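In: Sequence plus the predicted model coming up.
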Amino acid sequence: MSLHELSSKERSTLRAAAHSLKPIVQIGENNGLTAAVLKEIDHSLTAHGLIKVRVAGDERENRLEILEKICAELACVCVAHFGKILTLFRPEPHHGHFLAAAKPALERSRRDPKEDYTPKKLAAAGKSIKDKKQKSSTPKGNDELAKPRKKPAIPVRKASGQIARPSTRSSARPTARRTGSALTLRAGRRK
């Protein structure tokens, strides 16, 4: 199998699946790729399907040679090569779950622009905004018996002891209200 047999979508899916994996096999700088290391990589690929391998050594050319040799001898594909970490995948029938398509995205329900908006709580109750706006024409309880009443004016006592009557004149001057926060009113007006 060559390096280019995976599509970019499959490669992206496998990289995402391998993100949380730790390197299983480590190839030393002194001994390099030995038969025992190849056997261990083969065993790991058979068991897991997708593995990471750490290659010691600072030279990129040596790491690329090791990668090509592993892929050629073990019939696997390189998914990613980041620094000293190689991500390898062997496509087998029982490892197909790595390449399985992701769940399709749920399609959102959309409303027409002409359709009235219905809040979630009303929609969950099976109602619409029109149902909420309509008020019942029948009175509730004693509402029909109750009539709005005017509040009677409460007489206020003056300091002299006389009862002040509320003014019946409509031309009474309104008192000016001070604006501002409670703190500025308490501190007094500053100029």
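Out: Looks like it came in fine. Residues are numbered from 1 along each chain as shown.
In: For Leu50, what are phi and psi?
Out: Per-residue torsions, Leu50: phi -130, psi 120 (degrees, to the nearest 10).
In: number of nearby residues for it?
Out: By other CB atoms under 10 Å, the residues close to Leu50 number 21. Heads up, the C-betas are built off the backbone N, CA and C, glycines and all.
In: Around the closest residue in space to it that isn't next to it in sequence, how many other residues sit close by?
Out: Closest residue to Leu50 apart from its sequence neighbours, by CB to CB, 6 or more residues apart in numbering: Phe89 at 5.0 Å. Using other CB under 10 Å, Phe89 is surrounded by 26 other residues.
In: now the helices for the chain?
Out: Assigned by DSSP state H, the chain shows helices spanning 8-18, 35-48, 60-74, 120-124, 129-133, 182-187.
In: report the angle between the axes of the longest one and helix 35-48?
Out: Translated: helix 60-74. Computed with axes from the mean of the first three to the mean of the last three CA atoms, to 10 degrees, the direction of helix 60-74 lies at 60 degrees from that of helix 35-48.
In: Alpha carbons only: can I get helix 60-74 in PDB?
Out: Output in PDB follows, covering the C-alpha atoms of helix 60-74 (Å, rounded to 0.1, in the frame of the first residue of the first chain):
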ATOM      1  CA  ARG A  60      14.200  13.800   9.100                       C
ATOM      2  CA  GLU A  61      15.600  11.800   6.200                       C
ATOM      3  CA  ASN A  62      16.200   8.800   8.500                       C
ATOM      4  CA  ARG A  63      12.700   9.000   9.900                       C
ATOM      5  CA  LEU A  64      11.200   9.100   6.300                       C
ATOM      6  CA  GLU A  65      13.300   6.000   5.400                       C
ATOM      7  CA  ILE A  66      12.000   4.200   8.400                       C
ATOM      8  CA  LEU A  67       8.400   5.200   7.600                       C
ATOM      9  CA  GLU A  68       8.700   4.000   4.000                       C
ATOM     10  CA  LYS A  69      10.200   0.700   5.100                       C
ATOM     11  CA  ILE A  70       7.400   0.100   7.700                       C
ATOM     12  CA  CYS A  71       4.700   0.900   5.200                       C
ATOM     13  CA  ALA A  72       6.200  -1.400   2.500                       C
ATOM     14  CA  GLU A  73       6.900  -4.400   4.800                       C
ATOM     15  CA  LEU A  74       3.700  -4.300   6.900                       C
END
